[in-house]
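Novice: after the sequence you'll find the predicted model.
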Amino acid sequence: MSALTESSAPVRPRRRLHRLERAAMRGVIVREVVNYSSFWRSSTFSSTVDPTIYLLAFGFGFGSLVSRVAGYRYIDFVGTGIVATTVLFSGAFPAMYGTFVKYSFQHTYDAILAAPVDTEELVTGEALWVALRTGVYGCVPMLVAVVFGLAPSWGMLLVPFIAGLAGFGWATFGIFIAAKSQKIESFSYWQSGLLTPMFLVAGTFFPLTRLPEWAQVLGNFNPLFHCVQLVRHVVFARETVADLGHLAFLLGFALVAWRMAIRFMERKLIL
Amino acid sequence: MEREVVAAEERAIRLRGVVKRFGGLTAVAGLDLDVPYGTCVGLLGPNGAGKSTTIKSLTAQVIADEGEISILGYRLPEDSKQARAEMGVVPQLDNLDTALTVEQNLLVFSHLYRVPKARRTAAIDRALGIANLRERRTSKVDELSGGMRRRLLIARALLHEPRLLLLDEPTVGLDPQVRQELWALIDRLRSEGVSILMSTHYIEEAERLCDTVTIMSHGRAVASGPPQALIHEHAGVEALEVYGPPSRLLEVEEQARTRGWRTRRTGTSVTVLHSNGAVELDGERRGTNLEDVFVLLTGEQIE
């Protein structure tokens, strides 16, 4: 009780707390993990079943029309591309809705920011947790594709890391969207106007080379496209120098989205 | 300069000239506030007086435009994180994780408040004990009554044995029995030496629990001091409650004005203050209270 009965000035040495402290981010992640234990079934279901349905629909539907695409068997093409779809579904969407709900309905951030946690640590901790899940979920439809004939390879061991990196970018981008949105209805604009076109023009289900040139140029600014290329190349050991460019793009996307998420969340949370 | 530093160190909370504007609206307009160590200070004021903005500025969720804030000797906003590590906050809005159990909620915040691993179990158990929630350890928050949830919010704020506790409207919307239970809990914490700042618009609450009260109106402190001293200074010793039809009440008000006494309407009656036992008015005599002060200083009209 000594800490409680002390009524004079503080005598303990001043502990200087820094930015981006691990203790603060760990606290944020522990909160997420403990909550996840109560909804992991539904979350895992929606994050992995959706892309698997796309995989099967395109695999059986398209796969019966075309046998080879861009030098790959179609099952190989779509079985690797689908990783990026999963990254989007399990990265951006949970971050968007999770952030909005915690901010507007549960007032969770009020409680967290009253503890020794800053907005930067809050955003980073939550995004790291989503990235971790995305790294794991990202592999699920690819493993389903293995059942349908995608050949296992050592390169697949790198896929969780690529998915995790891309997942961090999409998680922070999702947090940024939530920070910019006054109403949850505003998400429709982002989803229909940006995320759905990106999801389709990523080289997941068909190669960008068949699209008009302007679409190809735009595709190069799509982080999902770079994720798809990187995954395909490591799985089939077809890495080239260009893959460093894909990796650099994903790193740059993650960095920019991370800083934007922090900046706009600060604007929303700190008045 | 030296004396100024010492003065800040002697207070758990010290605000000087704090101003906060939201666009054209000035929510806090030059507020001075002191919470000496080991005391309970009440922040009293009508809705919109700036109480919540003030409380939020103490956790740096609101950054003041002007003025100085120091908490437990730390300057805000730059050292706010250190200050937050040593204080507990009980919010007005319930922000518990409702899908989790009582114990899980406390576990999460024992991490957020950086309770060392070896002390975590004991800290949770201690907080459950203080809030009288040991029996509900494994209950989901969804299953708790409003009073229990509020006690859990207090328990959550005490996990790291803070020296300072902020309570934002701690008993709003609760039954009288539950409020009294919470008052006992808050009083116990204060007697154990925790410094407390509590915002409230329940006058009885402030009168019972607080060593000093600061009354806020339009973002400023309009009066500050121990409840009894404020009552004597602003409302006098005795109040005269005069009942009657509206015309009679107007008459009484007019009469009081000519004698230089202050009055306030109390719904069906007029309360005459500072009349010091004058006998020409026929009414019920009663002791003055903090509510008289509150209404005199913050105005009768609800804006």
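Specialist: Arrived safely, thanks for sending. Numbers count the residues shown, from 1 in each chain, chains lettered A, B, ... in the order given.

Novice: show me what contacts the spatially most central residue of chain A?
Specialist: Closest residue to the average C-alpha location of chain A: residue A:167 at 2.4 Å, with CA atoms, centre = their mean. Going by CB atoms under 8 Å, 6 or more residues apart in numbering or on different chains, residue A:167 touches A:87, A:90-91, A:130-135, A:138. No exception for glycine: its C-beta is placed from N, CA and C like everyone else's.

Novice: export those to JSON lines and tack on secondary structure, neighbour count and pLDDT?
Specialist: Below are the contacts of residue A:167 laid out as JSON lines (DSSP: H, G, I helix; E, B strand; the rest coil; neighbours: other CB atoms under 10 Å in any protein chain shown; pLDDT from 0 to 100):
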{"residue": "A:87", "secondary structure": "helix", "neighbour count": "33", "pLDDT": "92"}
{"residue": "A:90", "secondary structure": "helix", "neighbour count": "30", "pLDDT": "91"}
{"residue": "A:91", "secondary structure": "helix", "neighbour count": "30", "pLDDT": "92"}
{"residue": "A:130", "secondary structure": "helix", "neighbour count": "27", "pLDDT": "95"}
{"residue": "A:131", "secondary structure": "helix", "neighbour count": "24", "pLDDT": "96"}
{"residue": "A:132", "secondary structure": "helix", "neighbour count": "18", "pLDDT": "95"}
{"residue": "A:133", "secondary structure": "helix", "neighbour count": "23", "pLDDT": "94"}
{"residue": "A:134", "secondary structure": "helix", "neighbour count": "32", "pLDDT": "94"}
{"residue": "A:135", "secondary structure": "helix", "neighbour count": "22", "pLDDT": "94"}
{"residue": "A:138", "secondary structure": "coil", "neighbour count": "32", "pLDDT": "90"}
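
Novice: which pair of the residues you listed spans the longest distance?
Specialist: A:87 and A:132 (12.5 Å; CB to CB).

Novice: from the contacts of residue A:167, which is closest to residue A:108?
Specialist: residue A:130 (15.2 Å).

Novice: how close does that closest one get to residue B:159?
Specialist: 26 Å (CB to CB, to the nearest Å).

Novice: helix or strand for residue B:28, which one?
Specialist: Per DSSP states H and E, residue B:28 falls inside strand B:25-36.

Novice: can you tell me the strand partners of that strand and which way each runs?
Specialist: Paired strands of strand B:25-36, with direction, are strand B:11-22 (antiparallel) (DSSP bridges).

Novice: pull the CA atoms of the partner strand into PDB?
Specialist: Extracted in PDB, the C-alpha atoms of strand B:11-22 (Å, rounded to 0.1, in the frame of the first residue of the first chain):
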ATOM      1  CA  ARG B  11       0.100  19.300  -6.300                       C
ATOM      2  CA  ALA B  12      -1.100  16.200  -8.000                       C
ATOM      3  CA  ILE B  13      -2.700  18.400 -10.600                       C
ATOM      4  CA  ARG B  14      -2.000  22.100 -11.300                       C
ATOM      5  CA  LEU B  15      -3.600  24.000 -14.200                       C
ATOM      6  CA  ARG B  16      -2.900  27.700 -14.900                       C
ATOM      7  CA  GLY B  17      -4.700  29.800 -17.500                       C
ATOM      8  CA  VAL B  18      -5.700  26.800 -19.600                       C
ATOM      9  CA  VAL B  19      -7.600  27.700 -22.700                       C
ATOM     10  CA  LYS B  20      -9.100  25.300 -25.300                       C
ATOM     11  CA  ARG B  21     -11.000  26.400 -28.300                       C
ATOM     12  CA  PHE B  22     -12.900  24.200 -30.800                       C
END
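
Novice: model confidence over that strand, on average?
Specialist: Averaging pLDDT along strand B:11-22 yields 93.

Novice: go on, stretch B:127-145?
Specialist: Regarding stretch B:127-145, the rounded mean pLDDT is 91.

Novice: ok, now stretch A:40-52?
Specialist: The pLDDT scores in stretch A:40-52 average 85.

Novice: export only the CA atoms of it, formatted as CSV.
Specialist: C-alpha atoms of stretch A:40-52 as CSV (Å, rounded to 0.1, in the frame of the first residue of the first chain):
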residue,chain,number,x,y,z
TRP,A,40,-11.6,-16.1,-34.1
ARG,A,41,-14.0,-18.5,-35.7
SER,A,42,-16.0,-15.9,-37.6
SER,A,43,-12.9,-13.9,-38.5
THR,A,44,-11.0,-16.9,-39.8
PHE,A,45,-14.0,-18.1,-41.7
SER,A,46,-14.6,-14.8,-43.6
SER,A,47,-10.9,-14.2,-44.2
THR,A,48,-10.1,-17.6,-45.7
VAL,A,49,-13.4,-18.9,-47.1
ASP,A,50,-14.1,-15.9,-49.4
PRO,A,51,-10.8,-16.1,-51.3
THR,A,52,-11.1,-19.9,-51.4
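
Novice: and it, does that touch chain B?
Specialist: No. Stretch A:40-52 does not reach chain B (CB under 8 Å from any CB of the partner chain); its nearest approach is 11.6 Å.

Novice: and that stretch, what's buried?
Specialist: The neighbour-count check on stretch A:40-52 (16 or more other CB atoms under 10 Å in any protein chain shown) flags A:44, A:47-48, A:50-52 as buried.

Novice: same question for stretch A:27-41.
Specialist: Quick answer for stretch A:27-41 (16+ other CB under 10 Å): A:27-32, A:34-35.

Novice: any chance of those residues in JSON lines, plus pLDDT and distance to residue A:76?
Specialist: Below are the buried residues of stretch A:27-41 laid out as JSON lines (pLDDT from 0 to 100; distance: CB to CB, whole Å):
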{"residue": "A:27", "pLDDT": "93", "distance to residue A:76": "43"}
{"residue": "A:28", "pLDDT": "95", "distance to residue A:76": "39"}
{"residue": "A:29", "pLDDT": "95", "distance to residue A:76": "36"}
{"residue": "A:30", "pLDDT": "94", "distance to residue A:76": "40"}
{"residue": "A:31", "pLDDT": "94", "distance to residue A:76": "40"}
{"residue": "A:32", "pLDDT": "94", "distance to residue A:76": "35"}
{"residue": "A:34", "pLDDT": "93", "distance to residue A:76": "40"}
{"residue": "A:35", "pLDDT": "92", "distance to residue A:76": "38"}
